[in-house]
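Q: Turn this into a model:
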Amino acid sequence: MRLIEYADREVLAMDLANLIAGELKNALLSHDTVSFAVPGGTTPGPIFDSLSAANLDWARVQVMLGDERWVAPDHEMSNARLLRNRLLVGRAAEAAFTPFYIDGLTSAEAAETLSPQIESRLPLSVLLLGMGADMHTASLFPGSNGLEAAMAADAPALCPIDVDGQDIGRITLSRRVLEGAMSKHLVIFGDEKRAAVEQAQSLPALQAPIGAVLNEATVHWAP
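A: A predicted model of the protein is given here:
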């Protein structure tokens, strides 16, 4: 794990967007298409705003989420909705996007249906992750139903997850997929999350899932 500190969140968003754009461009030099997995939530929004204007061949970039809540794509809690509003605009509107939510299917059925398609795009060229204070990443929540299966070495590309106390189901890229990305970036803000990511490196993977995917990752931190 490598840690980069930034003066503030605005500088982080701009610098990381430029870094990711450069990595995607470099990957496109040797591949017909590249894969780019991103998080939902509020943290990556400013990064997406900058990245969407990057001058690269977006038509050859295959974008996917790290995870998704099992809600319709127009629902306010949909990660796909965030992407369509903040990343897949401007130049980046030409990117191919693979939504995980499939109307009429359960999260488990969709995971089974989509896993072969995701498998064909591995390894991920670039991966951007977020992390909760509980040390979860994507929808790999400590103590969640389905975590052990999603953390297994032979897990499918996509796995269903149910989190205690949450009515909405989830679908997530498995540990194997996240860990195998060619370039990995984690964005965290504040002292609490910095302490959490440092602690995660010495905890069991099922207790601190983010720790399982930090090998060769770059952590980007701002106050």
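
Q: Quick one: the helices in this structure, in order.
A: 9-28, 45-51, 79-86, 107-119, 147-151, 175-179, 190-200 (DSSP state H).

Q: could you dump the ones you listed to JSON lines with distance to Arg2, mean pLDDT and mean neighbour count?
A: Placement of C-beta: from N, CA and C, glycine included. Shown next, in JSON lines, are the helices of the chain (distance: least, Cβ to Cβ, whole Å; pLDDT from 0 to 100; neighbours: other Cβ atoms under 10 Å):
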{"stretch": "helix 9-28", "distance to Arg2": "12", "mean pLDDT": "98", "mean neighbour count": "18"}
{"stretch": "helix 45-51", "distance to Arg2": "18", "mean pLDDT": "97", "mean neighbour count": "20"}
{"stretch": "helix 79-86", "distance to Arg2": "26", "mean pLDDT": "96", "mean neighbour count": "20"}
{"stretch": "helix 107-119", "distance to Arg2": "27", "mean pLDDT": "98", "mean neighbour count": "17"}
{"stretch": "helix 147-151", "distance to Arg2": "23", "mean pLDDT": "98", "mean neighbour count": "19"}
{"stretch": "helix 175-179", "distance to Arg2": "16", "mean pLDDT": "98", "mean neighbour count": "23"}
{"stretch": "helix 190-200", "distance to Arg2": "12", "mean pLDDT": "97", "mean neighbour count": "16"}
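
Q: Now distance to Gly165 too, for those, in CSV please.
A: As requested, those are arranged in CSV below (distance: least, Cβ to Cβ, whole Å):
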stretch, distance to Gly165
helix 9-28, 29
helix 45-51, 25
helix 79-86, 19
helix 107-119, 17
helix 147-151, 15
helix 175-179, 23
helix 190-200, 20
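
Q: Next, find the distance separating Asp103 from Ala72.
A: Using Cβ to Cβ, to the nearest Å, Asp103 is found at 7 Å from Ala72.

Q: higher neighbour count, the two?
A: Neighbour totals were compared for Asp103 and Ala72, and Ala72 leads with 11 against 7 (other Cβ atoms under 10 Å).

Q: so who does the more buried one touch?
A: Ser78, Tyr101, Asp103 (Cβ atoms under 8 Å, 6 or more residues apart in numbering).

Q: dump the residue contacts of the first one.
A: Contacts of Ser78 were listed using Cβ under 8 Å, 6+ apart, and they are Glu68, Arg69, Val71, Ala72, Tyr101.

Q: The second one too?
A: For Tyr101, the contacting residues are Glu68, Trp70, Val71, Ala72, Pro73, Ser78, Ala80, Ala110, Ile171, by Cβ under 8 Å, 6+ apart.

Q: Now Ala98. Nearest residue, chain neighbours left out?
A: Not quite, residue 98 is Thr, not Ala. Once flanking residues are discounted, Thr98 sits nearest to Met64: 4.8 Å by Cβ to Cβ, 6 or more residues apart in numbering.

Q: what pairs with the one you found across the strands?
A: Beta-bridge pairing for Met64 (DSSP bridges): Ala37, Thr98.

Q: who's in contact with stretch 16-25?
A: 34, 36, 47-48, 50-51, 54-56, 61, 125-126, 128, 183, 185, 187, 220.
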